[in-house]
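Undergrad: Predicted model follows, preceded by the sequence.
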Amino acid sequence: MGKRRWWVVVMMVVLLTGTTSALWKEFTDAQKLERDTLKLLTPILGDVDAALVTLIDPGKVGLGVDKFIKIVVDQMFNVSPNDVDFVSSSTMRDRKLLGLFQLLSRRLDLLENGAHGIISSLRDVGKERSDLVEDHTLRDFANSVLSHDHHCVMASMTHLHSLAAPEGAHGSNSPLLVHSQSPQQIMRGLYTVLSLTQARGYAMLEFARMVLRAYNEGNFTAEQRVSKGLYLQYSEDMLREARKLQLRESQDFLRCDPPEHQEGKTYGYIENEVDMNVDGTCIKTCEYYQHTKSEGCHYQETKFCGKQRQCLGTIHDCQYNDADAWICQSQKPYRRYDYIRYENGLQLGGSNSCAVPSLKVDSWIRWFVRCAYCLCLCDDGNSPTTDRYISLTPAITDTRNNMIVTGVRFTKQRRVIHLQVQQGQALPQGQVNVSTIHWVDVEPINVFRSGYEEGNHYMKLSYENRSVDLDRLTAPVGHVVTGVRLRMLGSHVNLEVQITPISFTSGELKPYKSYWISNDNTPVNTKNPRQQFLTSSPDDPTKFPFPSIQDSKPNTYMRFGPTDRIKDVAQLTVPFFDAQDVAPSPSTWFSGIHYIFYTHK
């Protein structure tokens, strides 16, 4: 897993465009036009913006646009005497038509906002329906929109349909690491862009005909019937193809390694056996000391123990490599050594240069017994260079205000690792109100104050308790993720996810029905026990220039431990927590959380 610096400060300076008198007049004119348009539609639709959201949503763009145009036609050409002022002058009539088209275009813009799609080349096709089009000269914009050449809007819509809904379309089921969305989300965004493109073309055709009809230049009944039939057919074909492809695509959104890793711990630790027992003797071997502690420094002035930080915690897994060595002490606060080179030729650590003069360390003979230097693991829970506290407090959204999880990440505050969620207000059909998206503040925990209790508010990793469960938690259909938390399941750190029922049509949560899901399986279960995920000779993951890959499976667990002694002198605790935001763009509903492990092969 990659790691990033926990504290980053970013400063942004923006310049705001000033408002001139001409711009102000244009703004007030636009406001009046919008008021007039809303005044026309409010008696029919009620809350116009809300009605447009319901009428034209991502799942039924085609039908919604057609219904809206029918409303406009009825208001323009089937007016009652009370509404005659609407078409009393050509200027006002044109302005109202423009306002209605602008209102529709704005709704389509909202749907398109944030959708990432593709730019398709449009191929030329025949115009078998050209015999139904009236033969006369059209005006200005309407003429170009309704033209009959191979670049006309109707031909472009036909071309786009042939590209978007081919019979032999194929999908891919592999998760994407190079995009800001899941494969399924990309496919849905592609459908949105294509359907909106079709909708804009259809709207332009119909509004152009309305303009010409208003000028008594034709009725266009045949053209409207043909274009409506084709448009609805195209919309249905693209929706069917999009649904088919989405079922083949993965829902997973993963973050790959950043281009450059930035900064963070049980360490590899050199200790002489004379300092690992209260008697100060050297009658045992290094391997004897598997769980002990440092008893001080017997030769402070002359021996290596006086030249390094003492391990004030417990000492584990000692081993003997050779009697004498050259030790390069690291200048980095989270490492003790950059390398150890023994006289027998063995070198621990990949570095060949030392920022400071290396120290010669020799075992010595006392009373016919060799006092050897051992390479052990130091587990110092109170060291200022180790961060081993994990928050157990839940990170939840404001479900009463219809907020759902739109992102999740690990963050560190006061040496405590937290899960933090990003929240946004749910809208119908998987959409999220982008203006409401923000990260929810985590509850700060001070492990040194009496108000916070270990095992309740936080847990402390140690040599004995350092296992983390790797799980994939998925909500049932009709539910979304509204919270995450870590808990202690025995001695394991275990993931839980809060889910809440939601209406796909309205986007409304049922917060009073929220509940937590988890995988309660343990290694001691008699049926399908949780298996340990083992790593082989792990190294510092930030060394590698190529991206890491997912290497774990659900229903497993792994243990925090040191990097390999040969590769890295056991100087780092792995895996690292990946501090990158896992938040797709555009935001969407979460149906689950997957706790995974990344590695390099």
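TA: Thanks, I have it. This structure is a prediction, so every number in the text was calculated from the model and none was measured.

Undergrad: what residues go with each domain of this structure?
TA: 21-248, 267-379, 389-599 (automatic domain parsing).

Undergrad: separation between G296 and C305?
TA: Distance, G296 to C305, by CB to CB, to the nearest Å: 8 Å. C-beta: built from backbone N, CA, C; applies to glycine.

Undergrad: what do you get for H438?
TA: 51 Å.

Undergrad: Those two - which one has more neighbours?
TA: Higher neighbour count among H438 and C305: C305, with 22 against 12, using other CB atoms under 10 Å.

Undergrad: Name the SS class of the more buried one, please.
TA: helix (DSSP: H, G, I helix; E, B strand; the rest coil).

Undergrad: Run a quick neighbour tally on the closest residue in space to it that isn't next to it in sequence.
TA: Beyond its immediate neighbours in the sequence, the residue positioned closest to C305 (CB to CB, 6 or more residues apart in numbering) is C297, lying 3.9 Å away. Counted by other CB under 10 Å, the residues lying close to C297 total 18.

Undergrad: For the residue lying closest to S294 once chain neighbours are set aside, what are phi and psi?
TA: Closest residue in space to S294, ignoring its immediate chain neighbours: C311 at 5.0 Å, by CB to CB, 6+ apart. When read as degrees, to the nearest 10, the backbone of C311 gives phi -80, psi 110.

Undergrad: measure C311 to N382 for me?
TA: From C311 to N382 the distance is 11 Å (CB to CB).

Undergrad: out of the two, which sits in the more crowded spot?
TA: Taking other CB under 10 Å, C311 and N382 do not tie; C311 has more neighbours (23 against 8).

Undergrad: Is the more buried one in contact with L377, as I believe?
TA: No. Using CB atoms under 8 Å, C311 is not in contact with L377; the gap is 9.1 Å.

Undergrad: which parts of stretch 347-356 are buried?
TA: L348, G349, C354 (16 or more other CB atoms under 10 Å).

Undergrad: To what extent is V447 buried, counted in neighbours?
TA: V447: 16 neighbours (other CB under 10 Å).

Undergrad: what about it, distance to Y334?
TA: 19 Å.

Undergrad: ok, now R309?
TA: In terms of CB to CB, R309 sits 12 Å off from Y334.

Undergrad: and what of Q431?
TA: Noted for Q431: a distance of 44 Å to Y334, by CB to CB.

Undergrad: ok, these two, which is more surrounded?
TA: Q431 (22 against 16).

Undergrad: So the more buried one is in contact with G507, correct?
TA: Yes. The criterion here is CB under 8 Å, and Q431 meets it with G507 at 7.0 Å.

Undergrad: which residue packs closest to I340, ignoring adjacent ones?
TA: Leaving aside its sequence neighbours, I340 sits nearest to L348 (CB to CB, 6+ apart; 4.4 Å).

Undergrad: To clarify, my last question referred to R309.
TA: Closest to R309 by CB to CB, 6+ apart is R336, at 7.3 Å.

Undergrad: Now for the one you found, how many residues are close by?
TA: 22.

Undergrad: Quick check: it touching Q310?
TA: No. Counting by CB under 8 Å, R336 sits too far from Q310 to count as a contact (11.2 Å).

Undergrad: ok, now how distant is H291 from C376?
TA: 10 Å.

Undergrad: Give the residues shared as contacts by these two.
TA: I315, H316 (CB atoms under 8 Å, 6 or more residues apart in numbering).
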